[in-house]
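In: below is the sequence, then the predicted model.
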Amino acid sequence: MEYGWEKTPEPKRNAKDTVFTSLFRNREYLFQLYQTLHPEDKVSKPEDLAIVTLENIMAGGIHNDLGFQLKEKLIFLIEAQSTWTVNILIRVFMYIAKSYQDYIYRTSQDVYASKKVVLPKPEIYVIYTGNRKTRPESISLAEEFFPGEECCLDIKIRVIYDGKKGDIINQYVTFTKIFDEQVKKHGLVEKAVRETIRICRDRNVLKKYLEGRESEVVNIMLTLFSQEEVWDMRVRSERKEAAIKTTIEDSKYFGATKQDTVLRLREKFNIPQDEADEMIKEYW
């Protein structure tokens, strides 16, 4: 069975994950990733791999970083994670269930028929790029969420930290660390992106990928920065509104007049008269 390579929107969760998804949508680097995970396989070819990453098509839908399949044999789910959380076990449980649902649909199999369905064997990985001191080789859903109990359900994830020097995983992890260093030095600005690319090219880290797609990499990371700025503005706005509401409620509690409260709002939050008046109407 053949699968097409569909163009899907890149998730914009964070800069490093965006580069992760962009990098491994490319068949050349995806095959390098497979070879890193299965160096013993000398037979498979790049065309034997198909991307089956879940797309976040509708609001609230689930999506993962990378899913790909080796013919009918194996299905891989791979997440890139810079912040450690065992909740990834819950997410990949949902990912594998949805991936199998999609696979069964694509292959026209019937889970209600008496004939046993055929499924590719799953392999699940997390590439962890953070600085956590404890580094388990794997994590288990049953052990993390139901320790010491019998459990009918389990998901096991192999955790990869650095890869082997020079392989595609090692290069990606090195990229993330250089990026972190540049953000600490310059802030979340364009210079941090361009310096990351320059340093990586000089050190032969993802050099071919970055040279061929420098403008693309800069654009997707700067797009992310814009989204983060919008998000920060929204958070600050919500916090300010909550503080204004609390100030008004406190004024009412202590018997202040509306006029005095308006003056307090203008002085404390530096807002114009009409805005303060509207806040009083809404929360008094």
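Out: On my side now, so go ahead. Numbering: from 1, shown residues only.
In: kindly export the host helix or strand of Ala142 (C-alpha atoms) in CSV.
Out: Here Ala142 sits within helix 141-145, counting by DSSP states H and E. Extracted C-alpha coordinates of helix 141-145, given in CSV (Å, rounded to 0.1, in the frame of the first residue of the first chain):
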residue,chain,number,x,y,z
LEU,A,141,2.0,5.2,31.8
ALA,A,142,1.2,2.4,34.2
GLU,A,143,4.2,3.1,36.4
GLU,A,144,3.8,6.8,36.5
PHE,A,145,0.0,7.1,37.0
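In: which outside residues touch that helix?
Out: When contacts are taken as C-beta atoms under 8 Å, 6 or more residues apart in numbering, the neighbours of helix 141-145 outside the stretch itself are Val86, Leu89, Ile90, Phe93, Cys151, Leu153, Asp154, Ile155, Lys156. Every C-beta, even on glycine, is put in place using the N, C-alpha and C of the backbone.
In: mind giving me the ChimeraX command for buried ones among those residues?
Out: What follows is the ChimeraX syntax selecting those of the contacts of helix 141-145 that are buried according to 16 or more other C-beta atoms under 10 Å:
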select :89,93,155
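In: what are the buried residues along the next helix or strand after the helix holding Ala142?
Out: From helix 141-145 onward toward the C-terminus, using DSSP H and E, the following helix or strand is strand 156-160. Residues of strand 156-160 classed as buried by neighbour count (16+ other C-beta under 10 Å): Ile157, Val159, Ile160.
In: let me see the mean pLDDT of the helix holding Ala142.
Out: Confidence over helix 141-145, taken as the mean pLDDT, stands at 96.
In: any buried residues in it, and which?
Out: Residues of helix 141-145 classed as buried: Leu141, Ala142, Glu143, Phe145 (neighbour count, 16+ other C-beta under 10 Å).
In: how far off strand 156-160 does the helix or strand containing Ile96 point, in degrees?
Out: Using DSSP H and E, Ile96 sits in helix 88-106. Using axes from the mean of the first three to the mean of the last three C-alpha atoms, to 10 degrees, one finds that helix 88-106 and strand 156-160 are set 110 degrees apart in direction.
In: list the buried residues in helix 88-106.
Out: Counting neighbours by 16+ other C-beta under 10 Å, one finds that the buried residues in helix 88-106 are Ile88, Leu89, Arg91, Val92, Phe93, Tyr95, Ile96, Lys98, Ser99, Tyr100, Tyr103.
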